[in-house]
Structure formats: structure tokens, C-alpha cells
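coords please:
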Amino acid sequence: MTATEAPELRGPAATSAHRVRAVARRHWLVLRRSPHRIFDVLVWPVVDTLLYGSIGLFAAKAAGGGTETGGAALGTGPTLAVFLLSGTVLWHLVHQTQISLATGFLEETWSRNVIGLLTTPLRGWEYLAGVGLFALVRTALSTLAVASLAFAAYAFDVTTLGLGLIPVAALLLLCGWAVALAVVGLVLRYGSGAEALVWGGLSVVMPLSGVFYPVSTLPAPLRPVAEALPTTHVFAAGRALAGDGPTPWHELAVATLGTAALLVLALFFLGRMLASFRRRGLVTRYS
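As a prediction, this is how the structure comes out:
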């Protein structure tokens, strides 16, 4: 009998890795065999890129007294279009990560597979790791589509943000996972009625995070709330890089601390909601 036929004969680490890959592959097959699901992965990101890129280009031409015709190149230097396009690329990093992870769990509820998961030896962290791995692939596809269109249509190259783009992207991925974990906890506790938060929850954070503008432009009562969000400092760092400034280490440090705290709180909340889910027998909702 081979290890492939009997993964339980492997060591603990290899067995866990096998389960993680199995969960990721299960969700990848669902995506591949359901073409309509590509809408969220590619169509919306492309629409956002066209929308914000064209708005930025029009504003730049209007400010420069140009016409509405001509090429679509952005030129050099920090312009509104650069900030809009860089914000769009970075926003889809956190947005697609959150959507992918949260809908990965919803897929189990829609297919009535929650009981099946609970009766397997699959550990909670293994399931989250598998869905997270799938979320990375889906986010990579979406972000690649956005970045490619931004370069082809508006001559915006996201790699010009430099090496500072790496910690910014990493923090946005972690923020997306944290929000997704909190949303999954709410769905476990309150059922399908909380599913709207999967698509709408992060959208509430978007204007407060200053994706395209500094939070100083927000109404005064909202600024303290915005400053408390780690995403605000991540996008501030992204704007600094897009404006050809030095790597904003202070913003990145504040964002790192805030993201770590958000992850801890999200994991704690998810654990409490899962315990309540089991104690109250709420799994019968999905039987």
C-alpha cells in the first residue's frame, strides 16, 4: 500500500499537509468547474480598474487643460490616476483575500457539507490553511488581472512602488484573512442571515481606510476611527510609495502591530463562535 493510498500511514506533518492540499484542491475544482464564479475573480477587478483608471486619467487631463482624446499613458510623477490605480491594485489584494476565504466556508454551507467536515479527522487549522492556500491562488489571479490591465491600458506599472510593496501586500493579505475569520464566526453564530457581511463587511472599511486618499479628508468625527484601523496605515504606506516617497517605516510598523492585534482578536472570536456553534447544536441548520 502506497502513501498516496493511505495518507494516515504518513507522519503527522505529512498527513496535515495532505489534508491542507486536499481542501485547497476541493475549492479549486469548484472554481474551475463553475465558470460563473470567475465573475468575482476577474470581471469585477477589471471593471474597477477601468473605472478608477479612467476617472484618474480624465481628472489629470482636465487639470492640465488637455482634451479627452489621445493616448492613455499616465506620464511620470505622482498624479491622481497613479493614486487611484495603485489603490485599486492594493484594494483587490485585501478584498479578494477576504472574499475567497469567507466564501470558501460558505461553499460548505451551500453544499450542506458542514456535518461532513465535522465528522472527519480534519483539524480546524488544517481547513483554514487549505482555504487560505486557495485564497492566495484566487487573489493572485485577480491581482494579476488588475495589474496587467493597469499596465496595458494606462501604462501604470505597480512594480515601480519598489520593495516596499512586499510588506504592504503581506499586511493587506493578513488583514483580509482577519476580516474573513470574523465574518465566518458571525455566519457560524447567526446563520445565512450574516452572509451579506461577506460581500459588504469590508466595503464599510474601504472609505475609512483611505484607499485612494488620506484620512485627513474624512469628516472630523470619523478620523479617529480611521486611524485605529490597520488598513488605514497600510494604504497610507502604499500612497507614499506611489508618490515616489521613501519607504514609510513608521506607517508599516503601526500597521504591523494593528494587523497582529486584529488577527488575534479574529481568531479568538472565531474560536468562541465555533464553540457556541457546537454547544448549541447549530450544525442542524446545514443538515
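
what residues are up against the nearest residue to residue 52 once chain neighbours are set aside?
Nearest residue to residue 52, sequence neighbours excluded (CB to CB, 6 or more residues apart in numbering): residue 84, at 4.2 Å. From N, CA and C alone the C-beta is placed, and that goes for glycine too. With contacts defined as CB atoms under 8 Å, 6 or more residues apart in numbering, the neighbours of residue 84 are 52, 53, 55, 56, 212.

again, but for residue 142
Residue 142 touches 41, 42, 45, 92, 96, counting by CB under 8 Å, 6+ apart.

on that earlier part again, from the contacts of residue 84, which would you call buried?
Burial by neighbour count, 16 or more other CB atoms under 10 Å: within the contacts of residue 84 this picks out 52, 53, 56, 212.

can I assume the first one is in contact with residue 87?
Yes. In this structure residue 52 lies within contact range of residue 87 using CB atoms under 8 Å: 7.3 Å.

identify the contacts common to those two.
Taking CB under 8 Å, 6+ apart as the contact rule, residue 52 and residue 87 both touch residue 212.

identify each buried residue in stretch 46-62, please.
For stretch 46-62, burial by neighbour count (16+ other CB under 10 Å) applies to 48, 49, 52, 53, 56, 57, 60.

C-alpha coordinates for it, PDB please?
The C-alpha trace of stretch 46-62 is given here as PDB (Å, rounded to 0.1, in the frame of the first residue of the first chain):
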ATOM      1  CA  VAL A  46     -11.300  44.600 -14.400                       C
ATOM      2  CA  VAL A  47     -14.300  46.900 -14.100                       C
ATOM      3  CA  ASP A  48     -12.800  48.600 -11.100                       C
ATOM      4  CA  THR A  49      -9.500  49.200 -12.900                       C
ATOM      5  CA  LEU A  50     -11.300  50.700 -15.900                       C
ATOM      6  CA  LEU A  51     -13.500  52.800 -13.700                       C
ATOM      7  CA  TYR A  52     -10.800  54.300 -11.400                       C
ATOM      8  CA  GLY A  53      -8.100  54.500 -14.100                       C
ATOM      9  CA  SER A  54     -10.400  56.400 -16.500                       C
ATOM     10  CA  ILE A  55     -11.500  58.800 -13.700                       C
ATOM     11  CA  GLY A  56      -7.900  59.500 -12.800                       C
ATOM     12  CA  LEU A  57      -6.900  60.000 -16.400                       C
ATOM     13  CA  PHE A  58      -9.800  62.300 -17.100                       C
ATOM     14  CA  ALA A  59      -9.000  64.400 -14.000                       C
ATOM     15  CA  ALA A  60      -5.400  64.600 -15.000                       C
ATOM     16  CA  LYS A  61      -6.300  65.800 -18.500                       C
ATOM     17  CA  ALA A  62      -8.900  68.300 -17.200                       C
END
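
so where's this structure uncertain?
Along the chain, the parts satisfying pLDDT under 70 run over 1-10, 63-78, 283-287.

and the helices in it?
According to DSSP state H, the chain carries its helices in the segments 12-32, 38, 44-63, 80-110, 114-118, 124-154, 165-190, 196-208, 223-228, 230-242, 249-279.

what's next to the first one, contact-wise?
When contacts are defined by CB under 8 Å, 6+ apart, helix 12-32 is touched by residues 3, 7-8, 10, 37-38, 41, 104, 107, 121-123, 126-127, 129-131, 133-134, 137-138.

7 Å instead, please
7-8, 10, 37, 104, 107, 122, 126-127, 129-131, 133-134, 137-138 (CB atoms under 7 Å, 6 or more residues apart in numbering).
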